[in-house]
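Visitor: Sharing a sequence plus its predicted fold:
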Amino acid sequence: EIFAAETLVLPNTLVKKQDDFKSISASANDWIDMEECKEENLLVWLHKKKTEGYTIVGLEQTSSSKCLTRFNFPDKVVLLLGKEKEGIPVEFLSAVDQ
């Protein structure tokens with residue numbers, strides 16, 4: 001909600017039926033579009049978004065990370081979130097623009 005996202009892309013949209021997801025998402029799961037993209041198809045999906053004019057921005061906490069509150073987001077952006085402990089898998093970093 002805080003990013004005013006239009007769509008949430010998940011590896012499995014069945015997660016929205018789980019109680020823990022419902023409690024965390026509050027009412028967002030009622031109004032935000034959700035799209036499914038399996039991890040094995042994610043790189044192709046990211047490259048497709050790039051051809052549609054989107055900038056891929058990777059969000060993870062590293063020693064070279066920029067402050068999110070001072071980041072100037074492009075008009076059309078895909079926010080790629082990493083896994084909880086591992087961050088963004090290396091095979092997807094090649095698609096990240098920033």
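Guide: Good, I have the coordinates. Numbers count the residues shown, from 1 in each chain.
Visitor: Now the residue sitting furthest away from the middle of the chain. Its backbone dihedrals?
Guide: Ranked by distance from the centre of the chain (C-alpha atoms, centre = their mean), the top residue is residue 19, with 21.2 Å. Torsion angles at residue 19 (phi, psi; degrees, to the nearest 10) stand at phi -60, psi -40.
Visitor: How about residue 77?
Guide: Per-residue torsions, residue 77: phi -140, psi 140 (degrees, to the nearest 10).
Visitor: for it, which residues make a bridge with it?
Guide: The partner list for residue 77 in beta bridges (DSSP bridges) reads residue 55.
Visitor: okay but it is in contact with residue 53, surely?
Guide: No: when contacts are counted by C-beta atoms under 8 Å, residue 77 is not listed as touching residue 53 (10.1 Å). Where C-beta positions appear, they are placed from N, C-alpha and C, glycine not excepted.
Visitor: between these two, who's got more neighbours?
Guide: Using other C-beta atoms under 10 Å, the more surrounded residue of residue 77 and residue 53 is residue 77, with 16 against 9.
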